[in-house]
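> Let's see this in three dimensions:
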Amino acid sequence: MKSGRDPGDLLEIAQVPDEHVNEFKSIEKFKIFNTNNLWVNLKAIKKLVEADALKMEIIPNPKEVDGVKVLQLETAAGAAIRFFENAIGVNVPRSCFLPVKATSDLLLVQSDLYTLVDGFVTRNKARTNPTNPAIELGPEFKKVASFLGRFKSIPSIVELDSLKVSGDVWFGSGPQALFSREKCH
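Numbers count the residues shown, from 1 in each chain. Purely as a prediction, here's the structure:
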């Protein structure tokens, strides 16, 4: 993949041509990726802003929202690292953070699998499997409001290995917690 970019530049998926997306997602080619957290000295940002030195690239990202084609304009905040003297990147293993990027992630953190203790997210010791359950929710659960509306209460998932939900499914409470408005097979 040749782009004419500096090899130290941060590259967002929206900047990758369609024919190179699989290569971009390859963990064999790119060992470190995703800027999920930025820790920045606000005085350093102020200094850069006052000097008009933050020259961030605008990334056009075509999307479809509720059937309407839109053009999202974004910047890669992590790419700003090149403007700061003595900036460093820290590689944090996935086991040390719980990003919520989809409603399947939201189900994990709202469940009894994790608890908040003194400001720290702690894994339930009753979970014997070292990995999180594999959760795949259908498009009916994509938006947070739809997700929340489909759960009367969040079920226990401490002993869950995997869950795949598709269709017009609603979760109740009590022993018969799963309901479907579609014919079940």
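> For residue 70, grab phi and psi.
phi -130, psi 160 (degrees, to the nearest 10).
> from memory residue 169 sits against residue 149, does it?
No. Assessed by C-beta atoms under 8 Å, residue 169 is found out of contact with residue 149, at 11.8 Å. To be clear about C-beta, it is placed using only N, CA and C from the backbone, and glycine gets the same treatment.
> More neighbours: which of the two?
residue 169 (17 against 12; other C-beta atoms under 10 Å).
> any idea how far residue 48 is from residue 102?
According to C-beta to C-beta, to the nearest Å, residue 102 and residue 48 sit 33 Å apart.
> Walk me through the domains of the chain.
13-83, 98-180 (the TED database).
> possible to save the ones you listed as CSV with mean pLDDT?
Shown next, in CSV, are the domains of the chain (pLDDT from 0 to 100):
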stretch, mean pLDDT
domain 13-83, 84
domain 98-180, 86
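> most neighbours per residue, which of the ones you listed?
domain 98-180 (a mean of 13; mean count of other C-beta atoms under 10 Å).
> List the residues that contact the closest residue to residue 25 other than its chain neighbours.
Take residue 25 and drop its neighbours on the chain: the residue closest to it by C-beta to C-beta, 6 or more residues apart in numbering is residue 13, 7.8 Å away. With contact set as C-beta atoms under 8 Å, 6 or more residues apart in numbering, residue 13 has these partners: 21, 24-25.
> Could you single out the nearest of these to residue 41?
residue 24 (31.0 Å; C-beta to C-beta).
> who are the neighbours in contact with that closest one?
1, 11, 13, 16, 30.
> Make sure residue 22 is indeed in a helix.
Yes. Residue 22: assigned to a helix according to DSSP: H, G, I helix; E, B strand; the rest coil.
> before we move on, back to that, need the domains of the chain in a markdown table (columns: distance to residue 91).
A markdown table is the format used below for these (distance: least, C-beta to C-beta, whole Å):
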| stretch | distance to residue 91 |
| --- | --- |
| domain 13-83 | 6 |
| domain 98-180 | 15 |
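> Out of the ones you listed, which is closest to residue 89?
Proximity to residue 89 (C-beta to C-beta) singles out domain 13-83 among the domains of the chain, at 6.9 Å.
> end to end, how far does the closest one reach?
21 Å (C-alpha to C-alpha, to the nearest Å).
> List the contacts of the residue located most distally from the centre of the chain.
Here the chain reaches farthest from its C-alpha mean at residue 51, the gap being 33.1 Å by C-alpha atoms, centre = their mean. Residue 51 sits next to no residue when contact means C-beta under 8 Å, 6+ apart.
> Next, find the distance separating it from residue 58.
20 Å.
> how close does the residue lying closest to residue 56 once chain neighbours are set aside sit to residue 119?
Spatially, and ignoring its direct neighbours in sequence, residue 56 is nearest to residue 75 (4.4 Å; C-beta to C-beta, 6+ apart). Shown here: residue 75 relative to residue 119, a distance of 30 Å by C-beta to C-beta.
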